[in-house]
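A.B. asks: take this sequence and fold it.
(chains A and B)
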Amino acid sequence: MATETDTTNIDARRLVHRLPDDVLLHGGIVFSILLMASPLLLAVIMSTQSTTEVYQVTNLGLGSKGLSNYSDALVNYDFSTYMLNSFVMSVIVVVGKVTLSLFAALALVYYRFPYERAVFMFILLTLLLPVPVRIVPLFQLMADLGWTNSLLALTGPYVASATAVFLFRQQFMGISASLVEVARLDGVGPLTFLFRVLIPMSRGMIAGVCVITFIYTWNQFLWPLVVVTDKSSQVVQVGIRYLQGSAQAGLTQWGLIMAGAVLALLPPLVVLIVLHRPLLRTLTIQQK
Amino acid sequence: MSDITIQNLRKTYDDVRAVKGIDLEIDDGEFLVVVGPSGCGKSTTLRMLAGLESVTDGSIAIGDRVVNEVPPKDRSIAMVFQNYALYPHMTAAENMKFGMKSASEFSGDEIERRVEEATETLDIAHLRDRKPKELSGGERQRVAIGRALVREPDVFLMDEPLSNLDAKLRVQMRAELLKLHRDLETTTVYVTHDQTEAMTLGDRVAVLEDGRLQQVAAPQELYDYPSNQFVAGFVGEPAMNFIPASVRQRGDEHVATAPGLSLTLPAGSGLDGIDDDGLTLGVRPEDVSLVSNRAAASESFTAEVTVTEPLGELLLLHCRLGDEEIRVKVEPRSRIAAGDIVELAVDTDRLHLFDSDGDAVYHSSVPEQVTESALAD
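C.D. replies: Below you'll find the model as predicted:
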């Protein structure tokens, strides 16, 4: 009996003591979330507004245009084409990068060849030279090859990836050596081993690399801008820039641009939501 | 025919010599245990047998065929690993089938039949569709053994297969392995660091140390007639007592003396001409006993008890004799405490003498089946 009353008292006291703290804490959390999400929220709000409404800074409600900015962007401004191009580019890069990196990691981990370490170091060294650094010689190369305005030019420079090779290498090295030895004893060939053992055992890592690569490729702006001049081959990030050019009566159509931006955001968001678990695992491995 | 002949086998990594010339004959159907402390080269030897390591020098023949350059899959061997080496994303049955399917010289029906047989033999039919993480350690090892069985190899290679199991399960699996070997009569090479496992499992036991073969013999022979001090100390738990001693010839008799101890050695082979300091007298803990328990007390000596370890079945005494500590197994429930002075005597039939190189020069009893070769080196 006595203890029961005591606990109730303690609970009550705790409630009184805890309440203000919690309110403060939760208030703080909500505030920071709002602060971080504000650009996105504003973009969503603006995407529903007409140009004049956007320029009224205090107007923070949903606008009069509803979803018509979206349909406008998709239909009249070829945004659907850009989205499709971006999607094709991203999928090709994801597939190409994962395949190439898997094979590279397989070679690095399971084959003995001369200067293996040096080769790996060289691969890591390419991290110092991302596409923007190489953009001038790369453009020259594409022009010489006659690849400009093509998917080859869009995807080629992104297919080789030191990060993915490194991640897969670490993953493979974590797989017990005796599994490889059992396979050797059974006479299992390297490709069978890759497809039947390594890939199923690395599913999480592969999914993680896919997410990172998809989002990274989807967000490319500078290289497509340089290498693609034909509007029908252009990708979505540059497409947003095109929307900005379509001013009406001297006013930038921010509503339309924001609709485009929100549209461009959706595919990576879907990929992220679907594959967020393996992505998190990949990131924890990276921290090690 | 699946006897194995190993000749002058060597393995060198960069500048480390892991295996320094091993000669070994393994008979068809024999269960040979290779035992030694970690780093002695036993696993390397096994891996060379399997073809997982290249041979630096020497030759390995399975049957009549030298297999130095034969790829592992064509050696007709199957290996069981310490960590089971099961593919975590496959079920037990898939694990057993995977290698067979890849080798692809067998039909699906044949593979199915063999898996069926193996799972029945090992009593794991009900585990077929479970993945390794849903299995206990013992079950995993059974599946791993099953995978080896399915291949129906000429030779089984086992690399410390029981080391990851708990003590109780290890004893049980040990018995099952023996039974399995009796049923299949397949040549088996089994590597372990555990001398109990070696003694219980092996038809013969090969003791390896520092990349060299120390002795190959049946378990009891190894125990009774170690060919050198290393084998004597490695086999047996607790280890044999070693007492630095000198042996003097007095008339017809040889007398071994050490501080606090003087023993007349029974005649035996190898005593002739020994009149030396710097020898080591070896006597196992169970061959020393309290004088009070001996009917006809031979030459006795006294020692001070420093530690007592009751092991239940017996009482282990650590005694100080001169500058040496010796271990003595006595009756359990003996009323002996640390600090007591006890009077001890040895079983003179079970004495061993090692020279300054550690080689055995004398065992006080020599049965007929032990030929001179056992004592030669």
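
A.B. asks: and the gap between the residue in the stretch 1-150 of chain A positioned nearest to chain B and residue B:251?
C.D. replies: Residue nearest to chain B within the stretch 1-150 of chain A: residue A:112 (11.1 Å; CB to the nearest CB). Just so you know, the C-beta spots here come from the backbone N, C-alpha and C atoms, and that holds for glycine as well. Shown here: residue A:112 relative to residue B:251, a distance of 68 Å by CB to CB, to the nearest Å.

A.B. asks: circling back to that earlier point, so how far is residue A:256 from the residue of the stretch 1-150 of chain A closest to chain B?
C.D. replies: The spacing between residue A:112 and residue A:256, counted by CB to CB, is 58 Å.

A.B. asks: and the two? which has more neighbours close in?
C.D. replies: Relative neighbour count places residue A:256 above the other of residue A:112 and residue A:256, with 28 against 5, counting by other CB atoms under 10 Å in any protein chain shown.

A.B. asks: what about the more buried one, which helix or strand?
C.D. replies: Using DSSP states H and E, residue A:256 sits within helix A:254-274.

A.B. asks: show me what that helix is packed up against.
C.D. replies: Applying 3 or more CB pairs under 8 Å, 6 or more residues apart in numbering or on different chains; DSSP states H and E, we find helix A:254-274 packed against helix A:2-46, helix A:51-55, helix A:68-71, helix A:79-110, helix A:203-218, helix A:236-245.

A.B. asks: for residue B:208, find the nearest of the ones you listed.
C.D. replies: Between residue B:208 and those, the tightest spacing by CB to CB is seen for helix A:79-110, at 29.6 Å.

A.B. asks: tell me the angle that closest one makes with helix A:203-218.
C.D. replies: 140 degrees (axes from the mean of the first three to the mean of the last three CA atoms, to 10 degrees).

A.B. asks: could you give the angle of helix A:79-110 to helix A:254-274?
C.D. replies: For helix A:79-110 and helix A:254-274, the angle between their directions (the same axes, to 10 degrees) works out to 30 degrees.

A.B. asks: re earlier: now the helices and strands packed on helix A:254-274 in TSV, with mean neighbour count and distance to residue B:271?
C.D. replies: Conversion of the helices and strands packed on helix A:254-274 to TSV gives the following (neighbours: other CB atoms under 10 Å in any protein chain shown; distance: least, CB to CB, whole Å):
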stretch	mean neighbour count	distance to residue B:271
helix A:2-46	11	83
helix A:51-55	17	111
helix A:68-71	19	105
helix A:79-110	20	59
helix A:203-218	21	69
helix A:236-245	19	95
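
A.B. asks: and residue B:266, what does it touch?
C.D. replies: With CB atoms under 8 Å, 6 or more residues apart in numbering or on different chains as the criterion, the residues that contact residue B:266 are B:348, B:349, B:351, B:364, B:365.

A.B. asks: weed out the non-buried ones from those.
C.D. replies: Neighbour counting over the contacts of residue B:266 (16 or more other CB atoms under 10 Å in any protein chain shown) leaves B:348, B:351, B:364 as the buried ones.

A.B. asks: these two touch, right, residue B:245 and residue B:260?
C.D. replies: No: between residue B:245 and residue B:260 there is no contact under CB atoms under 8 Å: 10.9 Å.

A.B. asks: distance of residue B:249 from residue B:361?
C.D. replies: In this view, residue B:249 and residue B:361 are 14 Å apart by CB to CB.

A.B. asks: between these two, who's got more neighbours?
C.D. replies: Taking neighbours as other CB under 10 Å, residue B:249 and residue B:361 compare with residue B:361 leading, 20 against 14.

A.B. asks: neighbour-wise, which of residue B:245 and residue B:260 wins?
C.D. replies: Under the criterion of other CB under 10 Å, the comparison of residue B:245 against residue B:260 puts residue B:245 first, with 24 against 15.

A.B. asks: need the contact list for the more buried one.
C.D. replies: Taking CB under 8 Å, 6+ apart as the criterion, residue B:245 is in contact with B:256, B:257, B:258, B:261, B:279, B:280, B:281, B:353.

A.B. asks: ok, the nearest residue to residue A:61 once chain neighbours are set aside to residue A:72 distance?
C.D. replies: Once its chain neighbours are removed from consideration, residue A:61 has its nearest residue in residue A:45; the separation is 7.4 Å (CB to CB, 6 or more residues apart in numbering or on different chains). Counting by CB to CB, the separation of residue A:45 from residue A:72 is 17 Å.

A.B. asks: go on, residue A:213?
C.D. replies: Residue A:213 sits 31 Å away from residue A:72 when distances are taken as CB to CB.

A.B. asks: okay, now the domains of the chain?
C.D. replies: Assuming you mean chain A. Domain assignment for chain A, taken from automatic domain parsing, gives A:2-46, A:68-287.

A.B. asks: not quite, go with chain B.
C.D. replies: With automatic domain parsing serving as the domain definition, the record reports that chain B contains domains spanning B:4-229, B:237-376.

A.B. asks: got the contact list for stretch A:241-248?
C.D. replies: A:51, A:73, A:77, A:79, A:221, A:225, A:231, A:234, A:252-253, A:256-257, A:260.

A.B. asks: and which of those residues is nearest residue A:35?
C.D. replies: For the contacts of stretch A:241-248, the closest approach to residue A:35 (CB to CB) belongs to residue A:257, at 22.5 Å.

A.B. asks: can you pull the contacts of the closest one?
C.D. replies: Residue A:257 makes contact with A:240, A:243, A:244, according to CB under 8 Å, 6+ apart.
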